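Have a look at this fold, sequence not included:
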Ligand SMILES: Nc1ncnc2c1ncn2[C@@H]1O[C@H](COP(=O)(O)OP(=O)(O)OP(=O)(O)O)[C@@H](O)[C@H]1O
Ligand SMILES: [Mg+2]
């Protein structure tokens, strides 16, 4: 179970969730995506529509016992071999008001009882609030997604502190085990420096380190998002599709090991 997180907005968390999920499914892993972001972009990006009567992560996490449903009842099938627990705008109520007593462990408990998946990817909102905390309490690993900008390294330090807090209170084995540079424009010196710094700090993948790689910037990613399909479906040979495929192969090796 991997929480895909960074409190900074628009760095490529959702794009990474959608495309890694689709590629891991192509590698014949059984994949579940849980969308805990009220924006519901990984839900829509995997072509899932939510009817008013459908259960979402809101009903799984809500502090109102009478409204709550088991996680398994909220699962929908996408066209891309990936199952999805959709998000809903109502999640903002929980992000603001909190999850109530025991709420941080609610997702973790539900996931403990769930069987039938090899990988669960949890797409977190751009905040270190109640929902990211619930995702981290449920996860084994954190995948930190960064853009190669000047603030990202700070953001990663803050994410590290949040993970340490979760280790102290809810989930002692949680760690940032994967770091990915999304939306990478390798032609700038800043971007290259960020990349080199990450490899130095987190270790080369092939030496057992956490640096999973970088995903090139390409307009195909945005086009795929507009079509609500993974980039590999929209443009299978574009640089980002190839990079997500490679990252999924590397990740699958560690997951299966
Ligand atoms: N490799 C890429 N090439 C081009 N555009 C990209 C790439 N990766 C992400 N983007 C674009 O950047 C924007 C932000 O990406 P995304 O929604 O994945 O970020 P996020 O971290 O989930 O954002 P939020 O914090 O709001 O949830 C999107 O419009 C997405 O299409
Ligand atoms: Mg997102």
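Sure thing, it's come through. Note that the structure is a prediction, hence the values are computed from the model and not measured. Ligands and ions are numbered 1, 2, ... in the order given.

Any idea which residue of the stretch 101-250 of the chain lies closest to ligand 1?
residue 126 (3.2 Å; CB to the nearest ligand atom). C-betas here are computed from N, CA, C, even on glycine.

how about the residues of the protein that lie near ligand 2?
13, 14 (CB under 5 Å from the ion).

Please, where are all the strands along the chain?
2-5, 31-35, 76-77, 82-85, 119-123, 141-146, 175-184, 211-216 (DSSP state E).

Format those as CSV; extra columns: mean neighbour count.
What follows is the strands of the chain, written out as CSV (neighbours: other CB atoms under 10 Å):
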stretch, mean neighbour count
strand 2-5, 26
strand 31-35, 28
strand 76-77, 14
strand 82-85, 26
strand 119-123, 26
strand 141-146, 26
strand 175-184, 23
strand 211-216, 22
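
how about those strands in a markdown table, adding distance to ligand 1 and mean pLDDT?
Output for the strands of the chain, formatted as a markdown table (distance: least, CB to the nearest ligand atom, whole Å; pLDDT from 0 to 100):
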| stretch | distance to ligand 1 | mean pLDDT |
| --- | --- | --- |
| strand 2-5 | 8 | 95 |
| strand 31-35 | 10 | 98 |
| strand 76-77 | 20 | 98 |
| strand 82-85 | 15 | 98 |
| strand 119-123 | 7 | 98 |
| strand 141-146 | 6 | 97 |
| strand 175-184 | 4 | 96 |
| strand 211-216 | 5 | 97 |
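
Output the ones you listed as a markdown table; include the columns distance to residue 64.
Converted to a markdown table, those look like this (distance: least, CB to CB, whole Å):
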| stretch | distance to residue 64 |
| --- | --- |
| strand 2-5 | 24 |
| strand 31-35 | 20 |
| strand 76-77 | 22 |
| strand 82-85 | 18 |
| strand 119-123 | 22 |
| strand 141-146 | 29 |
| strand 175-184 | 33 |
| strand 211-216 | 38 |
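
Among these, which comes closest to residue 228?
strand 82-85 (12.0 Å; CB to CB).

contacts for the closest one?
Here strand 82-85 makes contact (CB atoms under 8 Å, 6 or more residues apart in numbering) with 21-22, 25, 31-35, 42-43, 46, 48, 56-57, 60, 71, 74-78, 117.

strands paired with it, and their directions?
Its sheet considered, strand 82-85 pairs with strand 31-35 (parallel), strand 76-77 (antiparallel) by DSSP bridges.

any idea how far the residue nearest to residue 70 when sequence neighbours are not counted lies from ligand 2?
In space, and not counting its chain neighbours, residue 70 is closest to residue 110: 6.5 Å by CB to CB, 6 or more residues apart in numbering. Taking CB to the ion, to the nearest Å as the measure, residue 110 falls 22 Å from ligand 2.

Give me the neighbour count for residue 110.
Residues contacting residue 110 under the criterion other CB atoms under 10 Å number 20.

again with residue 160
Residue 160 has 14 nearby residues by other CB under 10 Å.

Isn't the residue of the stretch 101-250 of the chain closest to ligand 1 up against residue 7?
Yes - at 5.9 Å, residue 126 and residue 7 qualify as touching, with contact defined as CB atoms under 8 Å.

ok so, going back, next, count neighbours for the nearest residue to the residue of the stretch 101-250 of the chain closest to ligand 1 once chain neighbours are set aside.
In this structure, residue 126 finds its nearest non-sequential neighbour in residue 9, 3.7 Å apart by CB to CB, 6+ apart. Neighbours of residue 9 under the rule other CB under 10 Å: 10.

Out of the strands paired with strand 82-85, the one nearest residue 255 is which?
Nearest to residue 255, of all the strands paired with strand 82-85, is strand 31-35, at 10.3 Å by CB to CB.

I appreciate the help and will end here.
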